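A.B. asks: Curious how this folds, go ahead:
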Amino acid sequence: MHIICDKQLLTEYINTVSKAVSAHSSLPILQCILLVSDENGFRMLGNDLELGIESRAIDATVIEQGRVALDAKMLGDIIRRLPGTTADIQTDSKYVTVIKSGKAEFKILGQPGDEFPFLPAVEQISPYMVPAGELRNMIRQTIFSVATDNTKPALTGELLEIKNNMVKLVSVDGFRISVRLLIPDAPCDDLRAIIPAKTLNELSKILPSDGDSLVSVYTSERHILFALENCILVSRVIDGDFISYENVFTEDYTTMIMVDRGEMTDALERASLISKDARKNSVRISITDGQVIITSQTEAGTSYDELSVTQDGVNLDIAFNPRYLIDALKVLETDNIEMQFTTPLSPCIIKGEGAELQKYLVAPLRVKS
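C.D. replies: Coordinates of the predicted model:
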């Protein structure tokens, strides 16, 4: 194989496909990037057997066709530090690869490209079309409440569901539920897939943030494929049943407050300052006659804060892990938010004022009086 390519372009594509490269694998070839030059041009591919990313054809001069697998970290470091503007990459029959630019030259040992695992086949017919920027936001606004406990594998991913012409992305970790909705521009067939959190994290890093780009989504029984302008990403889907979450979001409440999102977030973050571990130390929220009093008490000290709110319903005292509330508040998109309560031991539902595309549920903590 022999190609010549712009150094900056190579760096960008290495950064993209490296997101699917295994940093610690018992199979050395999974720590590599596959370079391919053939009649379809020059491409790069990373694959850790759970997630795979393949670039589209990269603008390069193909002098000789071939393929080689090169250590991803070493390749990235070399290309970034080359002195010139182009990189000349040439591999011999024993996979010894010479990388040159200007007067700098590196010689590294590669592995046979034929031994590299290609991406699983996913038939690309009848795609689901999703705006890239919207999908990026949907992931950002839900990914924080994915479970990290592998005892419930289905909850270590997010549910992507298309039903009744509504796209939903849902995450549950046992203490909270995050739901983000999207109304598609055109009717869609139903879809239900549980996507690993790692896949969504890496996808969000390569999705463009502009409003014009579209992502094509294809599925098979065991995999899901996201086709972007510069690459395709293929991931396994998680087997199992996702938790039934729909019925927990009700409009039945005994107390509802409308509060400024920024003020509430700041107050909760101040209450967290004296606690080294928010999971063990709760904040108490007392709703009384249009006032919210937020207090925190730990071995390190105490805090007190007070906010004016619009209140509907009875007074209430309740306690939470403050981080769970803050995570939801920070991704809501309205200045004012609604917080709905029923009892001191029932979950709180959080929504943006007049907004129906985002909703969050946070379970309270049981504390001593």
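
A.B. asks: For the protein, name the helix or strand with the lowest mean pLDDT.
C.D. replies: strand 128-131 (a mean of 90; mean pLDDT, DSSP states H and E).

A.B. asks: helices and strands around whichever helix or strand comes after it, which ones?
C.D. replies: Following strand 128-131 in sequence order, the next helix or strand is helix 132-140 (DSSP states H and E). The contact analysis (3 or more Cβ pairs under 8 Å, 6 or more residues apart in numbering; DSSP states H and E) places helix 132-140 against strand 166-172, strand 176-182, helix 197-206, strand 214-219. Bear in mind the C-beta positions are built from the backbone N, C-alpha and C, glycine included.

A.B. asks: Quick one, which of the ones you listed gets closest to N281.
C.D. replies: Nearest of the helices and strands packed on helix 132-140 to N281, taken as Cβ to Cβ: strand 176-182 at 17.5 Å.

A.B. asks: Can you spell out which helices and strands pack onto the closest one?
C.D. replies: helix 132-140, strand 166-172, helix 322-331, strand 358-362.

A.B. asks: Break down the stretch 251-369 of the chain into its helices, ranges please.
C.D. replies: Taking DSSP state H, counting those that start in this stretch as the test, the helices found in the stretch 251-369 of the chain are 261-272, 322-331.

A.B. asks: Mind listing what's buried along stretch 50-70?
C.D. replies: Using 16 or more other Cβ atoms under 10 Å as the test for burial, stretch 50-70 gives 51-56, 58, 60, 62, 66-70.

A.B. asks: cool, stretch 71-79 as well?
C.D. replies: Neighbour-count burial for stretch 71-79 flags 71-72, 75-76, 78-79 (criterion: 16+ other Cβ under 10 Å).

A.B. asks: got it, and stretch 154-168?
C.D. replies: Applying 16+ other Cβ under 10 Å to stretch 154-168 flags 155-162, 167-168 as buried.

A.B. asks: I'd like to check which residues are in contact with the residue nearest in space to the middle of the chain.
C.D. replies: The residue lying closest to the centre of the chain (Cα atoms, centre = their mean) is N201, at 2.8 Å. Contact analysis of N201 by Cβ atoms under 8 Å, 6 or more residues apart in numbering lists 139, 143.

A.B. asks: if I look at it, how far off is A300?
C.D. replies: 33 Å (Cβ to Cβ, to the nearest Å).

A.B. asks: doesn't V362 make contact with L325?
C.D. replies: Yes. Using Cβ atoms under 8 Å, L325 is in contact with V362, at 5.9 Å.

A.B. asks: now what about stretch 65-79, what contacts it?
C.D. replies: Contact with stretch 65-79 is made by 1-2, 7, 10-11, 14-15, 17-18, 21, 29, 31-39, 46, 87, 91, 95, 97, 99, 106, 108, 110-116, as judged by Cβ under 8 Å, 6+ apart.

A.B. asks: can you check stretch 333-350 too?
C.D. replies: For stretch 333-350, using Cβ under 8 Å, 6+ apart, the contacting residues are 248-262, 264, 287, 313, 316-320, 325, 328-329, 332, 351-355, 358-364, 366.
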